[in-house]
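**Q** Fold the following and give me the result.
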Amino acid sequence: MRLHKGWIQECRQCVSPHFNARPNNEVSLLVIHNISLPAGQFGLPYIDQLFLGCLDIQADESFCDLQGLEVSAHFLIRRDGELVQYVSCDDRAWHAGISTFEGRTGCNDFAIGIELEGTDTTTYTDAQYDRLKQLTLALFDAYPMLNRNLIVGHNDIAPGRKTDPGESFDWDRYRASLDEA
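**A** Model prediction:
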């Protein structure tokens, strides 16, 4: 898996309108998130629709709070391991919101956001861990500032506001897989 101009060619690409230029062209942080729409339901088209700005808020009553929301991530890893890319890694996706890492605010400026289809309490799949490892290693190759010490959960950069990827994410398994590569 390799990047070309910030894009992984070996994945489904759905270009989001919700991005802009990175202010310093810096990529020095990976942020792991989770998402499911509606909450706890998987394999539906709503995540794509949210990141593409075309979510039908009438499709589920829980979507009413999402009306007009402009968010995106660089990547989504579905339960079956499918990789979807919404924003070039060279651009700033809008995934972290109000956030701080090591005294720096605005993590979207320098972070790549990876969403895992899941919830804080649902075990992630083997396929997701495998794809996350492949993607992480490709990102390490493409962005030399990145390393295993610069990978955080959304909860780490937005404590008290965010809880993902949650207690179900096996950080030890993920980090060990990177060490084995």
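**Q** need the strands for the protein, in chain order.
**A** With DSSP state E as the criterion, the chain has strands at 3-4, 7-8, 12-13, 19-21, 29-35, 75-77, 83-85, 91-93, 100-101, 104-105, 111-117, 151-153.
**Q** Could I get those in TSV, plus columns for mean neighbour count, mean pLDDT and distance to residue 66?
**A** (Glycine included, C-beta is placed from N, CA and C.) Putting those into TSV (neighbours: other C-beta atoms under 10 Å; pLDDT from 0 to 100; distance: least, C-beta to C-beta, whole Å) gives the following:
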stretch	mean neighbour count	mean pLDDT	distance to residue 66
strand 3-4	14	94	30
strand 7-8	20	98	26
strand 12-13	13	97	22
strand 19-21	14	98	18
strand 29-35	24	98	11
strand 75-77	25	98	16
strand 83-85	21	98	18
strand 91-93	23	98	17
strand 100-101	16	98	25
strand 104-105	12	96	25
strand 111-117	26	98	15
strand 151-153	20	98	22
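**Q** okay if I get those as JSON lines plus distance to residue 53?
**A** JSON lines is the format used below for the strands of the chain (distance: least, C-beta to C-beta, whole Å):
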{"stretch": "strand 3-4", "distance to residue 53": "24"}
{"stretch": "strand 7-8", "distance to residue 53": "19"}
{"stretch": "strand 12-13", "distance to residue 53": "16"}
{"stretch": "strand 19-21", "distance to residue 53": "11"}
{"stretch": "strand 29-35", "distance to residue 53": "15"}
{"stretch": "strand 75-77", "distance to residue 53": "15"}
{"stretch": "strand 83-85", "distance to residue 53": "15"}
{"stretch": "strand 91-93", "distance to residue 53": "13"}
{"stretch": "strand 100-101", "distance to residue 53": "27"}
{"stretch": "strand 104-105", "distance to residue 53": "25"}
{"stretch": "strand 111-117", "distance to residue 53": "16"}
{"stretch": "strand 151-153", "distance to residue 53": "26"}
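**Q** Let me know which of the ones you listed is the nearest to residue 180.
**A** strand 151-153 (15.5 Å; C-beta to C-beta).
**Q** tell me what that closest one is packed against?
**A** Contacts defined by 3 or more C-beta pairs under 8 Å, 6 or more residues apart in numbering; DSSP states H and E place strand 151-153 against strand 29-35.
**Q** one more time with 10 Å, if that's ok
**A** Judged by 3 or more C-beta pairs under 10 Å, 6 or more residues apart in numbering; DSSP states H and E, strand 151-153 is in contact with strand 29-35, strand 111-117, helix 126-142, helix 171-180.
**Q** just to revisit the earlier point, of all the strands of the chain, which lies closest to residue 67?
**A** For residue 67, the closest of the strands of the chain is strand 29-35, at 17.1 Å, according to C-beta to C-beta.
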